[in-house]
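A.B. asks: need a structure here:
(chains A and B)
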Amino acid sequence: GQNIDQPTEMTATEGAIVQINCTYQTSGFNGLFWYQQHAGEAPTFLSYNVLDGLEEKGRFSSFLSRSKGYSYLLLKELQMKDSASYLCAALGGRRALTFGSGTRLQVQP
Amino acid sequence: GAVVSQHPSWVICKSGTSVKIECRSLDFQATTMFWYRQFPKQSLMLMATSNEGSKATYEQGVEKDKFLINHASLTLSTLTVTSAHPEDSSFYICSASLRGNTIYFGEGSWLTVV
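C.D. replies: Numbering: from 1, shown residues only, chains lettered A, B, ... in the order given. Now for the predicted structure:
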């Protein structure tokens, strides 16, 4: 079966760093995605990890440990516009995504 | 620009009627597309896998006779919600893969059944 766990809500301060964790269990693994979703909008791709390690892209970084079934999304220099839901999703053997429940991040001034 | 286009973005229909949502891959052929549903404040849930030229594969708990999926061409998949009820009101979104594990989502469709 598929199971994705991530925190429901997080709060952070503008300019700070926040780490959103995700653990997963899937049958057939083809990578781990992170998406950002603002209310009422389609998810926006942030990152994709298939190999262990850290992928850095500007203010966003994502880490994967396949042996531990663990990933995190790191957001640096937080901005107010980063307030959104962040979805962790695992790509299974059928090329379909299984999403976590999403983490609602609130950035405060 | 959009790689996967979805239409309509917003639709309101009366209970008991049917509504069709289209998902198109732009400038590439997609033998497989996926349909997801998202209820308010919940995450996306896979509904079905749309396979070009064959029957869709539905996830457990999704009624195939209610959510009709047609993937008649390599660039178009449609989801028809039949005999819609207010509880079908949701955000429906499709996705397609361009190369390997590159996944693109449509813009999504908000369905409100009144």
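
A.B. asks: Enumerate the residues of chain A near chain B.
C.D. replies: Residues of chain A lying close to chain B by CB under 8 Å from any CB of the partner chain are A:30-31, A:33, A:40-43, A:45, A:48, A:50, A:87, A:89, A:91, A:94-102. The C-beta positions use only the backbone N, C-alpha and C, and glycine is treated the same way.

A.B. asks: Drop anything exposed from these.
C.D. replies: A:30-31, A:33, A:42-43, A:48, A:87, A:89, A:91, A:95-102 (16 or more other CB atoms under 10 Å in any protein chain shown).

A.B. asks: Show me those that map onto strands.
C.D. replies: Cross-referencing these against strands under DSSP state E gives A:Phe33, A:Tyr48, A:Leu87, A:Ala89, A:Leu91, A:Leu97, A:Thr98, A:Phe99.

A.B. asks: With distance to B:Glu107 and pLDDT added, can I get those in CSV?
C.D. replies: Below are those laid out as CSV (distance: CB to CB, whole Å; pLDDT from 0 to 100):
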residue, distance to B:Glu107, pLDDT
A:Phe33, 18, 95
A:Tyr48, 21, 93
A:Leu87, 16, 96
A:Ala89, 18, 95
A:Leu91, 21, 88
A:Leu97, 17, 90
A:Thr98, 22, 91
A:Phe99, 18, 93
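
A.B. asks: Now B:Thr80: which helix or strand?
C.D. replies: Assessed by DSSP states H and E, B:Thr80 sits inside strand B:76-81.

A.B. asks: Buried residues in that strand, which are they?
C.D. replies: Buried-residue list, strand B:76-81, by 16+ other CB under 10 Å: B:Leu76, B:Ser77, B:Thr78, B:Leu79, B:Val81.

A.B. asks: so what's A:Glu55 bridging to?
C.D. replies: A:Ser62 (DSSP bridges).

A.B. asks: scratch that, B:Lys20
C.D. replies: Here B:Lys20, judged by DSSP bridges, has bridge partners B:Thr80.

A.B. asks: residue ranges with poor pLDDT in the chain?
C.D. replies: No chain specified, so I'll use chain A. For chain A, the stretches with pLDDT under 70 are A:1.

A.B. asks: Can you look at chain B instead?
C.D. replies: Low-confidence regions of chain B, defined by pLDDT under 70, span residues B:1-2, B:99-100.
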